[in-house]
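[1] Provide a 3D model corresponding to the input given below.
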Amino acid sequence: MELTKNADNLLYYGDNLDILRRYVKDETIDLVYLDPPFNSNATYNVLFAEKNGSKAASQIQAFTDTWTWTQESESVYADIVMAGGKVSDCLQAFRTFLGECDMLAYLVMMAPRLVELRRVMKETASIYLHCDPTASHYLKLVMDAVFGADKFRTEIVWKRSTAHSDAKQGRSQHGHIHDIIFFYTKSADWTWNNIYTPYDTSYIEPFYRYTEAETGRKYRLDNLTAAKPGGDTEYEWRVKRLNDREKWENDLTDEWKNPKKDWEYKGIPPYKNRYWAYSKANMIEFARNDRLSLTKSGMPCYKRYLDEMPGVPLQDLWTDISPIGAKAAERLGYPTQKPEALLERIIKASSNEGDIVMDPFCGCGTTIAAAKKLGRAWIGIDVTYLAINLIKNRLRDSFGESTTFEVIGEPVSIPDAERLAESNPYQFQLWALGPVGARPTEMKKGADKGIDGRIIFQGDKKGTFENVILSVKAGHTGVAHVRDLKGVLSREKAAIGVLISMREPTSQMKTEAVASGFYESKTWGKKYPKVQLLTVAELLAGKQVDMPPIRHVNATFKKAPRAKKEKDEQKKLGF
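    Residues are numbered from 1 along each chain as shown. Predicted coordinates:
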């Protein structure tokens, strides 16, 4: 069990259970956030998959069989039971209650991963588990078994959607608009930074109802007395009052002002059976700084300015972080993408600059981007190359080409690629598309075959776009594959076709490709081979598709917005 030479800014491809056990040392992580796939709706069809044979979108294809009760589930379950302890007791109870169903398979998958996450967490570390009501009640018990019920801190409710109707089979039901985030700590001593949210208008208007004429600052008046004495708190506070009673009654604004020759002193004691809350020296300092306002009786009150208040301490109901809008610059098209503001709040509250943040189901990399933005080191793990490629693009788009991180588990040699192709052809396909910047096509029922990925670039006419289609072959290839690609090119009216293969193309394949001619770009004044053959060896050496530049189009992978520096927290609160 050993971290690589750089113990932060690491992106791992692979099963997070294996990665945790092989690479991550005990007590090295300061904060864990995980959003494991759990939903049961048709868009993210994982826990209760349709049984009609339809395939999930390519983004989640790797998960389609994960939650089915199989012999592997039985084996993992047996390991958990034999280990004994509360986790064993919990899973045995679930099996009695649920039986061998997809939900039990999901919980059996989650349990050992949570155990490993607890192991790698520092004593002061926290963990946030993001889920929805489909599985939250089960996961809460698993978390109690792993971390201890006394380490449960908060059940956060995040309003993830605006109001909508959830009608099923002709019946209405409550709209599902929230997720659950469980917050646990490893020990009774954990990292915590207070977070404040802006005051609601309904609070500001009745309480901060005064406005300073000179500055426009809103303030409220606070009582300066206390129920119990403490130190120098039994004095009379001396104020000056205008002698001219008639003028005073007609101009109340002059009742307590700077002394003039026709003013007299008056002693103001605290209210009956109360004491001053501050010493006389402090009260004098308040007066010198114009922090006192006097009532008609002369009783001083403290002027508490709205713009000096931090806001409302963070509560467990989060309605102020909106979901990512359909046209938001932040949206990258990943099905379960969470807003960066959500992760920034969690990271700020439960870690400090320089700490290590881990996301073992990092998806499109929102946790990683937020951690990087806030000056934390990070470790991300994902089991799909689509996620790995998306995160690499996101980091470079947001933080520049010079941003540094290490990818572990990505093929760096021919034997690596061969092992990946043999063990998981689909992930090999996703990996092969990554180095050339291609987006995988969605593997839906009835979709056209022969296209594994696409690259889009701008055509010669303004507002028009052309396609590069890619086909990836892990095994034997021959001239028939080139002819098939030419047929797809013709059918799709694509500009360029690329065949990526593990093996060196034959002379017949090269001849067939050359005979396809060229795509000519008038914009760039250049011809590009219509059919191109790329090998894995060439990909590893950095060779790219010969095509017009796409940097001005950016339509293949949606470009993440450039990261901005954090604004002052008071500005965020609207003060």
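[2] so residue 192 is in which element?
    Residue 192 is part of no helix or strand, with elements assigned from DSSP states H and E.
[3] What are the phi and psi values at it?
    Backbone dihedrals for residue 192, given as degrees, to the nearest 10, come out at phi -150, psi 130.
[4] Distance of it relative to residue 126?
    8 Å (Cβ to Cβ, to the nearest Å). All C-beta spots, glycine's among them, are computed from the backbone N, C-alpha and C.
[5] Stretch 514-534: which residues count as buried?
    516, 519, 521, 528-534 (16 or more other Cβ atoms under 10 Å).
[6] Need the residues touching each of residue 192 and residue 126.
    Counting by Cβ atoms under 8 Å, 6 or more residues apart in numbering, the common neighbours of residue 192 and residue 126 are residue 350.
[7] okay, those two: which has more neighbours?
    Shown here are residue 192 and residue 126; by other Cβ atoms under 10 Å, residue 126 has more neighbours (25 against 13).
[8] So that one is in contact with residue 32, correct?
    Yes - if you go by Cβ atoms under 8 Å, residue 126 and residue 32 touch, sitting 7.4 Å apart.
[9] I figured residue 519 hits residue 526, correct?
    No - using Cβ under 8 Å, residue 519 is not in contact with residue 526; the gap is 9.5 Å.
[10] can you map out the helices along the stretch 401-550 of the chain?
    414-423, 425-433, 479-492, 507-514, 536-540 (DSSP state H, counting those that start in this stretch).
[11] out of these, nearest to residue 151?
    helix 425-433 (35.7 Å; Cβ to Cβ).
[12] Show the average pLDDT along the strand or helix carrying residue 284.
    According to DSSP H and E, residue 284 maps onto helix 280-288. When pLDDT is averaged over helix 280-288, the result is 89.
[13] Give the buried residues for it.
    Applying 16+ other Cβ under 10 Å to helix 280-288 flags 280, 283, 286 as buried.
[14] Same check on stretch 490-499?
    Within stretch 490-499, the residues that qualify as buried are 494-499, counting by 16+ other Cβ under 10 Å.
[15] How about stretch 209-216?
    Using 16+ other Cβ under 10 Å as the test for burial, stretch 209-216 gives residue 210.
[16] so residue 486 touches residue 515, yeah?
    No - counting by Cβ under 8 Å, residue 486 sits too far from residue 515 to count as a contact (9.0 Å).
[17] Now tabulate the buried residues of stretch 490-499 in CSV and tack on pLDDT and distance to residue 87.
    Converted to CSV, the buried residues of stretch 490-499 look like this (pLDDT from 0 to 100; distance: Cβ to Cβ, whole Å):
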residue, pLDDT, distance to residue 87
494, 94, 52
495, 95, 55
496, 96, 53
497, 96, 52
498, 97, 49
499, 97, 49
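[18] Out of those, flag the one nearest to residue 28.
    residue 498 (41.7 Å).
[19] What are the boundaries of the strands in the stretch 151-300 of the chain?
    Remark: strands assigned in the stretch 151-300 of the chain by DSSP state E, counting those that start in this stretch are 152-159, 178-185, 196-197, 210-211, 218-223, 225-226, 237-242, 263-268, 275-276, 292-294, 300-305.
[20] Which residue is the nearest non-sequential neighbour of residue 408?
    Leaving aside its sequence neighbours, residue 408 sits nearest to residue 12 (Cβ to Cβ, 6 or more residues apart in numbering; 4.8 Å).
[21] Which helix or strand lies directly C-terminal to the helix or strand encompassing that neighbour?
    Assigned by DSSP H and E, residue 12 belongs to strand 10-13. Using DSSP H and E, the helix or strand that follows strand 10-13 in sequence is helix 16-23.
[22] Beyond that following helix, next helix or strand please.
    strand 29-34.
[23] hmm, who's touching that following strand?
    Under the contact criterion Cβ under 8 Å, 6+ apart, strand 29-34 has outside partners 117, 120-122, 124-130, 191, 343, 346-347, 350-352, 355-361, 367, 376, 379.
[24] cutoff 6 Å now
    117, 120-122, 125-129, 346, 350-351, 355-361, 367 (Cβ atoms under 6 Å, 6 or more residues apart in numbering).
[25] per-residue confidence averaged over it?
    Rounded mean pLDDT across strand 29-34 is 98.
[26] Next secondary structure after that strand?
    helix 71-83.
[27] Give me the buried positions along that following helix.
    For helix 71-83, the neighbour count (16+ other Cβ under 10 Å) marks 73, 76-77, 80 as buried.
[28] so which of the residues you listed comes closest to residue 212?
    Nearest to residue 212 among the buried residues of helix 71-83, with distances taken as Cβ to Cβ, is residue 80, at 64.2 Å.
[29] Contact partners for that closest one?
    Here residue 80 is in contact with 88, 91, 111 (Cβ under 6 Å, 6+ apart).
[30] By neighbours, which of the residues you listed wins?
    Ranking these using other Cβ under 10 Å puts residue 111 first, with 25 neighbours.
[31] which strands and helices sit next to whichever helix or strand that residue is part of?
    Residue 111 is part of helix 102-120, with elements assigned from DSSP H and E. On a contact count with 3 or more Cβ pairs under 6 Å, 6 or more residues apart in numbering; DSSP states H and E, helix 102-120 meets helix 16-23, helix 71-83, helix 85-98, helix 136-147.
[32] Just put those helices in CSV and tack on mean pLDDT.
    Output for the helices and strands packed on helix 102-120, formatted as CSV (pLDDT from 0 to 100):
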stretch, mean pLDDT
helix 16-23, 92
helix 71-83, 90
helix 85-98, 95
helix 136-147, 96
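[33] Just put those helices in JSON lines and tack on distance to residue 480.
    What follows is those, written out as JSON lines (distance: least, Cβ to Cβ, whole Å):
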{"stretch": "helix 16-23", "distance to residue 480": "38"}
{"stretch": "helix 71-83", "distance to residue 480": "37"}
{"stretch": "helix 85-98", "distance to residue 480": "49"}
{"stretch": "helix 136-147", "distance to residue 480": "50"}
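[34] and of those helices, who's closest to residue 539?
    Among these, the nearest to residue 539 by Cβ to Cβ is helix 16-23 (23.9 Å).
[35] Now do the closest one and helix 102-120, the angle between them.
    Between helix 16-23 and helix 102-120, the angle comes out at 20 degrees (axes from the mean of the first three to the mean of the last three Cα atoms, to 10 degrees).
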